[in-house]
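S.K.: Turn this into a model:
(chains A and B, ligands or ions: 1)
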Amino acid sequence: MNDETKQKINERYQKELGRGEFFWPDSIFKDLIVSLGIFIVLVLLATFIGVAPEAKADPADTSYLPRPEWYFLFLFKFLTLYGQIPVIGRIEWLAAVLIPGIGIALLTFLPLLDKSPYRHYSRRIFALVFMAVVVLDIILLTVMASLPAAPNAQELEISTRLQATGGLWIPLAVLALLAALFIFRRDVYRESTRRSLPIWITVAGSLAMVAMTVVVSARAAAYPKPEEVEVASTLVDQIFAGQDLYSVQCVECHGDDGSVAVIEGVEGLEGEEITPINSRDVLYTITDSAMYEVIAYGRPNAGMTPFGKTYGGELSKSEIDYIVIFMRYMWDDRFELPPEALKPLFPRLADGEVPSYDVHIAPIVKRYCISCHREGKENNNYLMTSYEEVLTTGDNVENNIIAGDENSYLLQVIQDTPIMDPEKPDEEMIGVMPPSGHLKPDAIEAFIRWVMNGMPETAEDAAELSVVPTPETTPAP
Amino acid sequence: MWKKVFDWLDERLGLNDIYKNLLDRPEPKGNWWNTLGSASLFLFILQGVTGIFLTVYYTPSPDHAYDSIQYIMEGVAYGWLIRGIHHWGASLMVIIVFIHLLRVFVTASYKYPREMTWLIGVGLLLATLGMGFTGYLLPWNQRAYWATTVGTQIAGAVPFMGDFILKALRGGPDLSALTLQRFFAAHIWILPAALTGLVGVHLYLIIKHGESHFPTRED
Ligand code: HEM
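M.R.: A predicted model of the protein is given here:
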């Protein structure tokens, strides 16, 4: 750039200053309004959306799908799509390092690369359309990266193809075309009559990119949503989460209240004597971190399997923490259970009210039975994780639950009457359930009423069966 | 009386000079697009202030980081608000800085004599993204842990030096207490110091050259 051009630019700027405004108060007024607006938006976001809770980091949980902060998602997606390209897709650093490196270098040295003194849009068509395609691609790649994953290999293949077309190949082709025109036919950018060509290329390419993204999003809308992992943030939620996990994982051996002293009904540990884990002996002598270790490693010598994912179990770090919190607040008399955590397992039944699976039976089963009655445990193949399973599984399925029959096996065994083997009358075929300890009377009552009234599933079904008791006319004293 | 105080201060501090040079500057006719730079600056300051509050309770160790954040959210009065603002402010800052870059690009404000302003600007963009990347690990939750594992892995793909970069970022072959300590140091000392310095030069240059005018057919 020669001195003459520089002088022209400076004179032009002085002219603009002459008919301009003042930083104080004109510009700063706008600046302050925008800053205030931003502050208000942030307070609203923090108040009404907040920060989504996340489980504690667990290096053992390699199944976790990593997701970077959203403004890096486009790079992430770019890398995935790039990895699908045959041959050069193998060379990771090309996409991971070289291409972002080139991008940053172009951005950094832009003022040195773009030496033309012109500033008006009509004389910078190449720069503007090129940037437009890049920015649009960044946005579309971000959109694609936030879609749920394809449910099967075939769909994955199709959606990856579509994404690569919309997010990689079309933008690449458009950029290459624009650059080629710039290098070999620069006049199409200069002459106003033909200036429309690069713009039309950009518009057409952009529409194709957007269309591809819409197609991909529409397909993804039909995918099953990924399971939301519940993260308990308040103490009460953590206690509940811990209780649910305890019910599934630990009730089997330690009972619903941790009081089991002799294990019953568990393969391989029948009759094993253990210290009740709700006792002071255990709670006072084992610190939180030692408790964490006991649950994570188990007590392999004594027969308690490891539960931490690190050691092959099912529980993540946060989940073990929740169980420890649950045990402390429920059983340790040095901790005071928050009153909100004392909600009953199921709503009390009124006279004549028929309980439903959804409202009454499911919570009882979850607390007292699922620990043994799920996949992979010894239980006569009787699974109890859903309404269907409760009614349709088990070696003795035809006798377990019979609508309106008091002699249903299930009702017998929860009322301390074991079922004897018809062939060997002095051997139990089904022991009492739950094998160690009794259900509380109100839970037994709920089971009885439920079976006697035909096992309704939903609250509505149950309500139809309920008989409103005619209010007894109690004589006034 | 006020006049006397002001004159006394002015003689020693040069208040009038500051006013003339900083505030009473003529500028070309601007519009709302010109507020994006100062909006970035506001967000930077806001992040600084809320960040300082967070460090009061935050503990950068794998054993305590998660619980300390939990405590900020549940135990500290208005901790949730401060963290919420810091959390959303980070995202918003990236957006605003990026749109600021686009506006400067579209109006070709990076051209003579503002080349260095742009150059410093790119440094600001990278430092802002670096703040996002390092800050993301600090809560030490699943999302943070695995995103950083993958992020540093990508940096490790650099030919020849990859292994060195990976170990320098992580402080060892795997993510550990050292990684957290390093990211924390980068997030609260190294990058903010770099940002502050760069913002200073950026602003000096803007005052020196004045804000560019919006181009017309003449340009
Ligand atoms: C932390 C990030 C940043 C802050 C706090 C910041 C701050 C500012 C401020 C206050 C202005 C004047 C007002 C305006 O024109 O909006 C400005 C102008 C400018 N910024 Fe930035 N900026 C940042 C990032 C960037 C980036 C990423 C770039 C580009 C790579 C950039 C390039 C420029 C240029 C070239 C100008 C002059 C614009 C003109 O004179 O019209 N800045 N910046």
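
S.K.: residue boundaries of the strands in chain B?
M.R.: According to DSSP state E, chain B carries its strands in the segments B:26-27.

S.K.: in it, which ranges drop under the pLDDT threshold?
M.R.: Applying pLDDT under 70 to chain B picks out no residues at all.

S.K.: give me every residue that touches the closest residue to the ligand within chain A.
M.R.: Nearest residue of chain A to the ligand: A:Leu107, at 6.6 Å (Cβ to the nearest ligand atom). Where you see a C-beta, it was placed from the backbone N, CA and C, and this is true even at glycine. Taking Cβ atoms under 8 Å, 6 or more residues apart in numbering or on different chains, we find A:Leu107 in contact with B:122, B:125.

S.K.: Now name the helix or strand holding it.
M.R.: helix A:99-108 (DSSP states H and E).

S.K.: ok, A:Leu178 touching A:Thr202?
M.R.: Yes: contact status for A:Leu178 versus A:Thr202: in contact at 7.1 Å, counting by Cβ atoms under 8 Å.

S.K.: Common neighbours of those two, please.
M.R.: Taking Cβ under 8 Å, 6+ apart as the criterion, A:Leu178 and A:Thr202 both touch A:129, A:133.

S.K.: Residue ranges of each domain in chain A, please.
M.R.: A:59-221, A:235-342, A:357-465 (automatic domain parsing).

S.K.: If you count neighbours, what's buried in the helix or strand just after the helix holding A:Leu107?
M.R.: Scanning forward in sequence from helix A:99-108 by DSSP H and E, the next helix or strand is helix A:110-113. By neighbour count on 16 or more other Cβ atoms under 10 Å in any protein chain shown, the buried set for helix A:110-113 is A:110-111.

S.K.: Does the helix or strand that helix A:110-113 is followed by pack against any helices or strands, and if so which?
M.R.: Next helix or strand after helix A:110-113 toward the C-terminus (DSSP H and E): helix A:125-145. For helix A:125-145, the packing partners by 3 or more Cβ pairs under 8 Å, 6 or more residues apart in numbering or on different chains; DSSP states H and E come out as helix A:73-83, helix A:170-184, helix A:196-221, helix B:79-106.

S.K.: re the thing from before, any chance of the domains of chain A in CSV, with mean pLDDT too?
M.R.: CSV is the format used below for the domains of chain A (pLDDT from 0 to 100):
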stretch, mean pLDDT
domain A:59-221, 89
domain A:235-342, 87
domain A:357-465, 87
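
S.K.: got CSV for those domains, with distance to B:Arg103 too?
M.R.: Shown next, in CSV, are these (distance: least, Cβ to Cβ, whole Å):
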stretch, distance to B:Arg103
domain A:59-221, 12
domain A:235-342, 43
domain A:357-465, 56
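
S.K.: right, and these - which one's nearest B:Leu15?
M.R.: Checking those against B:Leu15 by Cβ to Cβ gives domain A:59-221 as the closest, at 35.8 Å.

S.K.: give the contact list for the spatially closest residue to B:Tyr58 that is not a sequence neighbour.
M.R.: Nearest non-adjacent residue to B:Tyr58, counting by Cβ to Cβ, 6 or more residues apart in numbering or on different chains: B:Ser68, 5.2 Å away. Shown in contact with B:Ser68 (Cβ under 8 Å, 6+ apart): B:57-59.

S.K.: Let me know the distance separating B:Ser68 from B:Tyr136.
M.R.: For B:Ser68, the distance to B:Tyr136 equals 16 Å [Cβ to Cβ, to the nearest Å].

S.K.: Touching, A:Glu340 and A:Val236? I think so.
M.R.: Yes: using Cβ under 8 Å, A:Glu340 is in contact with A:Val236, at 4.9 Å.

S.K.: Which one of the two is surrounded by more residues?
M.R.: Neighbours of A:Glu340 and A:Val236, each counted by other Cβ atoms under 10 Å in any protein chain shown, are more numerous for A:Val236; the result is 17 against 12.

S.K.: circling back: adding distance to A:Leu147, write the helices and strands packed on helix A:125-145 out as a markdown table.
M.R.: Formatted as a markdown table, the helices and strands packed on helix A:125-145 follow (distance: least, Cβ to Cβ, whole Å):
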| stretch | distance to A:Leu147 |
| --- | --- |
| helix A:73-83 | 10 |
| helix A:170-184 | 18 |
| helix A:196-221 | 4 |
| helix B:79-106 | 19 |
